[in-house]
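In: Got a predicted structure plus its sequence, pasted below:
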2 protein chains.
Amino acid sequence: MKLGEGVEAAIHCAATLASVEGNSTMPGAALAESFGLSPSYLLKHLNMLTAARILESVPGPAGGYRLARPAERITLLDIVLAIEGREPAFRCGEIRRNGPVKLDASAYVKPCGINAAMLRAERAYRAALAETKLSDIAADYAAEGDPRSFAASCAFVARHQRPQKSSSTPQNPKQM
Amino acid sequence: MKLGEGVEAAIHCAATLASVEGNSTMPGAALAESFGLSPSYLLKHLNMLTAARILESVPGPAGGYRLARPAERITLLDIVLAIEGREPAFRCGEIRRNGPVKLDASAYVKPCGINAAMLRAERAYRAALAETKLSDIAADYAAEGDPRSFAASCAFVARHQRPQKSSSTPQNPKQM
DNA sequence: CTATTGCAGATAAAATTTATCCACGATAAA
DNA sequence: TTTATCGTGGATAAATTTTATCTGCAATAG
């Protein structure tokens, strides 16, 4: 069982976007630079988050990405499902039917007990993931051991976030 | 997130072996035939189960596989870990360090909150898997809807199981 | 001795993940 | 209106992992 690396990237990007002000955006290229990731590949993942309505995207210069809803209403499960897909990790192949003894399909009506147990476990996994909100992760960023790391992130975000025209609250880009 | 197909095969094989009598064994080739699987590849998985002390193997003619301990003391988690490996599904790449701002390692002492949340979820997953015993699965085989399927499996097992010399309880191979 | 079985390693085919590139539409700013 | 910046989608390729096969070897019952 393995999770793609895109999951880690997606969570970090979302957590970073959680700290941009108002409805400002941040370009995908800046996010990629922020984590030393390949920009062209990261865009694929950001796209999936957009398709899943976790992020919003604004085209054009001064465009970029922002959260589609408050970080309190985005869970790790939302992000993991958006990146990894919604199918369960275990897929029952009904291999008992493949043996030498051919029985017709009516002999296999009851749901497979193995499948049921595996799905039960995955439900527990997803329930646990649903308990962590993106806002928790963002708070962790701030509470992290050394304040230098957090300060560096903040400066990076402040430098790259782009206020949007339709903003109701005036922005202070603070170019440095 | 995806589980390899070997997991399903391994669980089915173990459940089948749970119904061989005493310390009799069943050859890998028979197990493969029983599920329509490629014998040479299934052996790889059976081998992992053997390495994990879930199965025992007996070489030579009349050899084969059997459970290394009672089915009540084998859980689905044991099998999944043996096949998929013990590493967690999420591996923290510490990508926050890869950005353009270079901080020395001392700035990242605290454990990553994302990693902690993902590992918590996986612990829940594993705990759920550990609650299902192989004996439960085997019981499910018997309780399955149509008795024809179960009868066919029993006949197949009876036909292929091989009593062992060192057996303390006399066996009845029941060749048909 | 011989046939059967598990075991390890090399190898290859297939599928998936990771990554790059380019043409396109949208749009803000000059 | 022009230009430069940005997200989108598709095609493509490289890298890795999974799946599968084969061969030679050791063990052992008959």
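Out: That came in fine, so what should we check first?

In: Could you measure from A:Val58 over to B:Ala62?
Out: 72 Å (Cβ to Cβ, to the nearest Å). For every residue, glycine as well, the C-beta is placed using N, CA and C.

In: between the two, which one's more packed in?
Out: Using other Cβ atoms under 10 Å in any protein chain shown, the more surrounded residue of A:Val58 and B:Ala62 is A:Val58, with 17 against 13.

In: Show me where chain A has its helices.
Out: Ranges of helices in chain A, per DSSP state H, are A:5-17, A:28-35, A:39-51, A:76-84, A:113-130, A:134-143, A:147-160.

In: The nearest residue to A:Lys2 once chain neighbours are set aside - how many residues pack around it?
Out: Nearest non-adjacent residue to A:Lys2, counting by Cβ to Cβ, 6 or more residues apart in numbering or on different chains: B:Ala89, 5.8 Å away. Applying other Cβ under 10 Å, we find 22 residues neighbouring B:Ala89.

In: Likewise for A:Glu72?
Out: For A:Glu72, using other Cβ under 10 Å, the count is 12.

In: before we move on, what about A:Lys44?
Out: 12.

In: Quick check: closest non-adjacent residue to it.
Out: Spatial nearest neighbour of A:Lys44, excluding adjacent residues (Cβ to Cβ, 6+ apart): A:Gly6 at 7.6 Å.

In: So what's the residue count around that neighbour?
Out: 20.

In: Same check on the one 4 residues further on?
Out: Using other Cβ under 10 Å, the number of residues around A:Ala10 comes to 25.

In: close enough to count as contact, it and A:Ala52?
Out: No - contact criterion Cβ atoms under 8 Å: A:Ala10 and A:Ala52 do not qualify, at 9.9 Å.

In: Pull up the overlap in contacts between those two.
Out: A:Ala82 (Cβ atoms under 8 Å, 6 or more residues apart in numbering or on different chains).

In: which parts of stretch A:78-85 are buried?
Out: Across stretch A:78-85, burial judged by 16 or more other Cβ atoms under 10 Å in any protein chain shown covers A:Asp78, A:Ile79, A:Val80, A:Leu81, A:Ala82, A:Ile83, A:Glu84.

In: Likewise for stretch A:110-126?
Out: A:112-115, A:117-122, A:124-126.

In: Stretch A:63-71 too?
Out: Applying 16+ other Cβ under 10 Å to stretch A:63-71 flags A:Gly64, A:Tyr65, A:Arg66, A:Leu67, A:Ala68, A:Ala71 as buried.

In: would you turn the residues you listed into TSV with distance to B:Ser38 and pLDDT?
Out: Converted to TSV, the buried residues of stretch A:63-71 look like this (distance: Cβ to Cβ, whole Å; pLDDT from 0 to 100):
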residue	distance to B:Ser38	pLDDT
A:Gly64	50	95
A:Tyr65	46	97
A:Arg66	50	97
A:Leu67	47	97
A:Ala68	46	97
A:Ala71	48	97
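
In: Counting neighbours, what do you get for the closest residue to DNA strand D within chain A?
Out: The minimum distance from chain A to DNA strand D, using Cβ to the nearest atom of the strand, falls at A:Ser57 (3.3 Å). For A:Ser57, the count of nearby residues is 16 (other Cβ under 10 Å).

In: hey, what's it bridged with?
Out: A:Tyr65 (DSSP bridges).

In: Just the pLDDT at the residue nearest to A:Lys44, thanks.
Out: As predicted, A:Gly6 sits at a pLDDT of 95.

In: So it versus B:Lys2, what's the distance?
Out: Relative to B:Lys2, and taking Cβ to Cβ, A:Gly6 is found at 14 Å.

In: do A:Pro70 as well
Out: To B:Lys2, A:Pro70 is 31 Å away according to Cβ to Cβ.

In: now A:Ile83
Out: A:Ile83 is 13 Å from B:Lys2, by Cβ to Cβ.

In: what does A:Phe150 give?
Out: 35 Å.

In: before we move on, the earlier item: where among the helices of chain A is the average confidence lowest?
Out: helix A:147-160 (a mean of 82).

In: Now for the nearest residue to A:Thr25 once chain neighbours are set aside: which residues touch it?
Out: Closest residue to A:Thr25 apart from its sequence neighbours, by Cβ to Cβ, 6+ apart: A:Gly64 at 3.4 Å. By Cβ under 8 Å, 6+ apart, the contact set of A:Gly64 is A:Thr25, A:Met26, A:Pro27, A:Gly28, A:Ala30, A:Ser57, A:Val58, A:Gln161, A:Arg162.
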